[in-house]
Every structure is written in C-alpha cells, then in structure tokens.
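Novice: Predicted structure and sequence below. I'll ask about it afterward.
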Number of protein chains: 2
Amino acid sequence: MALTEIADRPAGEDAPSLHQRILSDISEKIVSGEWAPGHRIPFEYELSATYNCSRMTVNKALSQLAKAGMIERRRRSGSFVRRPKSQAAILEIHDIKTEVQALGLPYRYQLVSRRMRRGTADDRERLGLTEPSTVIALTSLHFAGHRPFCHEDRLISLRTVPDAEHEAFAEIAPGPWLVGRIPWSVAEHRIRAAGVDAGVASTLDIDAGTPSLVVERQTWSADQPVTHVRFTYAGDGHTLVARFTPAQG
Amino acid sequence: MALTEIADRPAGEDAPSLHQRILSDISEKIVSGEWAPGHRIPFEYELSATYNCSRMTVNKALSQLAKAGMIERRRRSGSFVRRPKSQAAILEIHDIKTEVQALGLPYRYQLVSRRMRRGTADDRERLGLTEPSTVIALTSLHFAGHRPFCHEDRLISLRTVPDAEHEAFAEIAPGPWLVGRIPWSVAEHRIRAAGVDAGVASTLDIDAGTPSLVVERQTWSADQPVTHVRFTYAGDGHTLVARFTPAQG
DNA sequence: GACCTCAATATGTATATACATAATGAACAA
DNA sequence: TTGTTCATTATGTATATACATATTGAGGTC
C-alpha cells in the first residue's frame, strides 16, 4: 500500500535529499552507539538495495562521512565506524566587535599608539620574519560599553602590507582593515593565562598581575608574514565559548 | 603532440584525482586573491570545457568548496567567491595525556578524591541537569614529569553513566574511561583565565591567586548530561596552540 | 509603470554505466 | 612451509544522461 510510503515522508516536512538522509541515518546510528567503533557498516551495494537507490547516491553519503572522520573506508574490506580521536575538539574564535555586540553592549575602538620602525629582533620573532623589515606597531583598546574589554598589541609587516603605511588606524581597527584586504592562508593561535604587565594594566585600568586571558594570532598569506596580534582580556570576565559536535579528525 | 600532455603530469608526481585538482586550482586562485570576494567563478559547463571533463566532476569540486564556505552557489546566477567571515577560526584541543607526551615528558595520573552524592544545586547547574540525580565528584591531578601539570575537577551523572558507580578511578583517569564508553553527541567548551582558589592552589603546590588557564567542558550524549570537567592549568606555563587554514563558516 | 507569464539558465540531485585500484584469500608451485 | 599467481571484491573516480528547481530577464497586458 502507498500508506507506508506516505508515512515515510510526512506532508509538512520538507524532504532533504536522499544522500543526506542516508548520511544522517548512519550518523545517528554511530552517535547513538548502536554501531560501535569498529563496526562494519553495510556495503554500498547493500545500502543501495535497502534505500532502493543507485550506488553513487550511497557513495556520496559515505564519502562525506569518511571526510568528516566518522567512518574509515577500506577497499575490498568495507567501511568501518572510527574510534573517537581522544577528546580533541574544535573551538571557534570570533572577532572582537562581534563578541562585544553578542553581549548586547555598544562597541567602540580606540587607537592608543601607532609607530613605524625598523623591525627589532623581538618584532621579527613575533612576525616570523627571517630578514629585517619595516613594521607598524599598534596598540589599541576595544571597549564594551564604558569599560575597556580588550587590549590589542599588533605588528604589521610593511613588506607584505605596504598600504598600512598610509593608514592611520584612528577610525578603523587594524583587524577589520586587514580582513578582506589581505587573504590569509595560514594562521596560528596561542591561548594562555598570564598576569598583566604594568603597561597593559594601566591602559586597561586594572592592577598589574591581574589574571588575564591572552590570545595571540600569527597570520601568513602565501608564506609571507602578515601580522601578529596579542589580545589581552582583563580579569576573568571574558570566556571563549565553543559548542560543537564530534568531528574526529 | 603528446609532449604537452606528458608535461601536464610529471613522471615522479602522483596524480591526484581530477576533481581534487579542480578544487585546489580554484582554491588557490581565491586564497591568492586573484579571484576576490564577490568574483563570479566560471560556470560549471565552462570549467568542464576547460578541464575537458564532465559537469559532474566539476560539480563535485564546487560542491565541496561551497561546503567549506569558500564559495557561494546561486541557481541561475552562478558561483561566487565568499567574503571571509570575520576573523573566526578553529582550535583543536587534545586530551591531557597526549599534551603531556607531546612535550616529551612522562605522564602520570593521580586520584585526589572521589565522592558519590545526591547532586547539589551547583552540581545540577554544572551538568545541566533539570531534575535531581546522583553524581560522582572526582578531583585528580595530571603530572608532567615530577610537576603537577593540570588539576581536574569532574562531575559524572550516574543517571547517564551508571557504570561509574563501580569504577574507582584510581588507575585510570575519568576522561579516557568515559571516551569510548559513552559516545558523546554535543559538547561545550569554556576557556578563561582566573586566579586559582586556595584548594586547587594547595594541590597544585602554588600560591593562591596565581593566574591560571581554566578549560571547562560539558558533554551530552543524546541530550543526556554525561559529565562536566574543569581543568586548571597552573601559571602561564600552558598554552593552547592551533594552526589552521581558513574555513570560513 | 505595475503586474503577470513564460522561456531560458545554472545549479541540485539522481541514475546507469564503466573502468581503475587496492586488498584479500584461495589455489598452486617451489 | 613459504612464496607466487590470480580471480574476486569493495571502493574510487569519471562519464553521459535526465529531470527537478530556483531565479532571472524579456515580453506582453492591464
């Protein structure tokens, strides 16, 4: 009877594509534990029979699952549920304006200092420069409402970003200015806790040594160092939050 | 002449699949900035002509690029390079044993305390429990060499993980014990800096108030709260590091 | 001009088919 | 026993084809 087929896809529900449905069916079996790690999932031709579709459609679903790291595919042997890769997980880090506005507070940017100089040894270290180069050194503040939310200490390599020489950064923060102008290919983050030093403490209007969250980001574009930023979030007021589902690399 | 065809694929090079090559060709044009955000990339049938392949092969490449967030596809209009989505990025967090061993130091786990209790209001808050439930509360230390590397403060919901009642956690850390036993579907991380409180300070053998990195992780399996952990990494000795290429969500 | 209709168009999804490739295991030879 | 050969098998990749679907733009009507 046609009734069962109708029941498969209730009227109000918008129908996802078939390979999508196969994918989520399998994904659910894995996440629920019904198919434990190591379990061999049905062969492509078996699934194509149960779903009454072609092997290509099943292949599309399984390939995506393999890419997401949920299953492992072995020729001649079949596809297997992968063991979760330790407690590894993924965290998203947003830009500051978004962060502040997500808190429902008005955002404001303020430049504290701007210097151009021949890169010191420390500058080269931070940027990952091998040869001397001229750099722009910026310090600035990001406000959430009336209170300073974050202190930014940034270097920009003029060799890679010559336009930065003619930008005052009085109105626009260097982050948004760089984004869109310089396509970055690789970046590296470092997150740690530290007591704030005297200089940063005074601009943030807190006591030196107060615990703070330090996020450093180093960015390259096509192997050329672009910028190095050090964000200092004062006190324990700031938290990086991430929600995610297991995507075992 | 066949010579040009040979030149296309040098002898020593292993040939990636065609759709892979199309994907990386386009990806490179985008990352290099040759195709700026908003640029309309060639239509599927155009690319299939230039690469002398079927539309399906091009479609596979473009679909993956769209999924990765690098391009946006619009029916009837074509495919366009997407504007990078702010400075969002991704960070991987590994489990502690792996972290310690990556430093080349011997790893050791030590249980400090284990209690079973009817969940307090704070316990329910941490686990995300709506109704009262019995919980296991564990505190333990992770050593890197001789020094305490990390303090762990964990709650496990006995309702979701009844087996935990019969596990002493004297030999095995609760993290690895839970992994593999309970497939988790969702997790949430919170990362912040804080001064350590007196209790944790004494077990870590440092002064109270020392800046420390606190990583909290809350885990659910099929909407059921599984566990809540609070890792405290003493001082500024510990850094979370992440390297990544831009996958603009 | 505002509105409607409709053909054109680019992507979305799915099929049937084909051959390549890696891995397994059984049959067979030294 | 050890090693080799070889057919089998499941996945990997690619093609040609088909129809669905959303969107655009042109043309006609009120």
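Specialist: Arrived safely, thanks for sending.

Novice: Can you list the residue ranges for strands in chain A?
Specialist: With strands called from DSSP state E, chain A shows them at A:40-41, A:71-74, A:78-81, A:89-93, A:107-118, A:134-144, A:147-157, A:186-195, A:211-221, A:224-234, A:239-244.

Novice: a markdown table please, covering those strands and showing distance to DNA strand D, mean neighbour count and mean pLDDT.
Specialist: Quick note: C-beta positions are derived from backbone N, CA and C, even for glycine. Below are these laid out as a markdown table (distance: least, Cβ to the nearest atom of the strand, whole Å; neighbours: other Cβ atoms under 10 Å in any protein chain shown; pLDDT from 0 to 100):
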| stretch | distance to DNA strand D | mean neighbour count | mean pLDDT |
| --- | --- | --- | --- |
| strand A:40-41 | 8 | 16 | 95 |
| strand A:71-74 | 4 | 16 | 92 |
| strand A:78-81 | 4 | 19 | 94 |
| strand A:89-93 | 24 | 20 | 66 |
| strand A:107-118 | 32 | 13 | 95 |
| strand A:134-144 | 37 | 20 | 95 |
| strand A:147-157 | 38 | 22 | 94 |
| strand A:186-195 | 25 | 20 | 85 |
| strand A:211-221 | 29 | 23 | 88 |
| strand A:224-234 | 32 | 22 | 91 |
| strand A:239-244 | 25 | 16 | 66 |
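
Novice: Make TSV out of those strands and add distance to DNA strand C.
Specialist: Formatted as TSV, the strands of chain A follow (distance: least, Cβ to the nearest atom of the strand, whole Å):
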stretch	distance to DNA strand C
strand A:40-41	12
strand A:71-74	6
strand A:78-81	10
strand A:89-93	24
strand A:107-118	35
strand A:134-144	37
strand A:147-157	37
strand A:186-195	28
strand A:211-221	27
strand A:224-234	31
strand A:239-244	24
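
Novice: could I get these as CSV with distance to residue B:33?
Specialist: As requested, those are exported to CSV (distance: least, Cβ to Cβ, whole Å):
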stretch, distance to residue B:33
strand A:40-41, 42
strand A:71-74, 36
strand A:78-81, 39
strand A:89-93, 23
strand A:107-118, 24
strand A:134-144, 20
strand A:147-157, 16
strand A:186-195, 15
strand A:211-221, 8
strand A:224-234, 12
strand A:239-244, 29
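
Novice: Residue B:166 is nearest to which of the ones you listed?
Specialist: Smallest distance to residue B:166 across the strands of chain A (Cβ to Cβ): 26.6 Å, for strand A:78-81.

Novice: and the closest one with chain B, contact?
Specialist: No. Strand A:78-81 stays clear of chain B (Cβ under 8 Å from any Cβ of the partner chain), getting no nearer than 9.7 Å.

Novice: Okay, buried residues for stretch A:39-54 please.
Specialist: Using 16 or more other Cβ atoms under 10 Å in any protein chain shown as the test for burial, stretch A:39-54 gives A:41, A:44, A:47-48, A:51, A:53.

Novice: quick one: which of those is nearest to residue A:116?
Specialist: Among the buried residues of stretch A:39-54, residue A:41 lies closest to residue A:116 (Cβ to Cβ), at 59.5 Å.

Novice: from memory residue A:23 sits against residue A:64, does it?
Specialist: Yes. The pair residue A:23 / residue A:64 is scored as a contact, 5.9 Å apart, by Cβ atoms under 8 Å.

Novice: Give me the common contacts of the two.
Specialist: Here residue A:23 and residue A:64 share no contacting residue, scored by Cβ atoms under 8 Å, 6 or more residues apart in numbering or on different chains.

Novice: Kindly export stretch A:132-152 (C-alpha atoms) in PDB.
Specialist: Taking Å, rounded to 0.1, in the frame of the first residue of the first chain, the C-alpha atoms of stretch A:132-152 are listed here in PDB:
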ATOM      1  CA  PRO A 132      64.900  42.700   8.600                       C
ATOM      2  CA  SER A 133      61.800  44.600   7.500                       C
ATOM      3  CA  THR A 134      59.900  47.700   8.500                       C
ATOM      4  CA  VAL A 135      56.900  47.200  10.700                       C
ATOM      5  CA  ILE A 136      54.000  49.100  12.000                       C
ATOM      6  CA  ALA A 137      53.400  48.700  15.700                       C
ATOM      7  CA  LEU A 138      49.900  49.400  17.000                       C
ATOM      8  CA  THR A 139      48.400  49.300  20.500                       C
ATOM      9  CA  SER A 140      44.700  49.900  20.800                       C
ATOM     10  CA  LEU A 141      41.700  49.300  23.100                       C
ATOM     11  CA  HIS A 142      38.300  47.700  22.400                       C
ATOM     12  CA  PHE A 143      35.500  48.900  24.600                       C
ATOM     13  CA  ALA A 144      32.400  47.100  25.600                       C
ATOM     14  CA  GLY A 145      30.100  49.900  26.800                       C
ATOM     15  CA  HIS A 146      32.200  52.200  29.100                       C
ATOM     16  CA  ARG A 147      34.700  49.600  30.200                       C
ATOM     17  CA  PRO A 148      37.800  48.500  28.300                       C
ATOM     18  CA  PHE A 149      37.100  45.000  27.100                       C
ATOM     19  CA  CYS A 150      40.400  44.000  25.400                       C
ATOM     20  CA  HIS A 151      43.800  45.400  24.800                       C
ATOM     21  CA  GLU A 152      45.300  44.800  21.400                       C
END
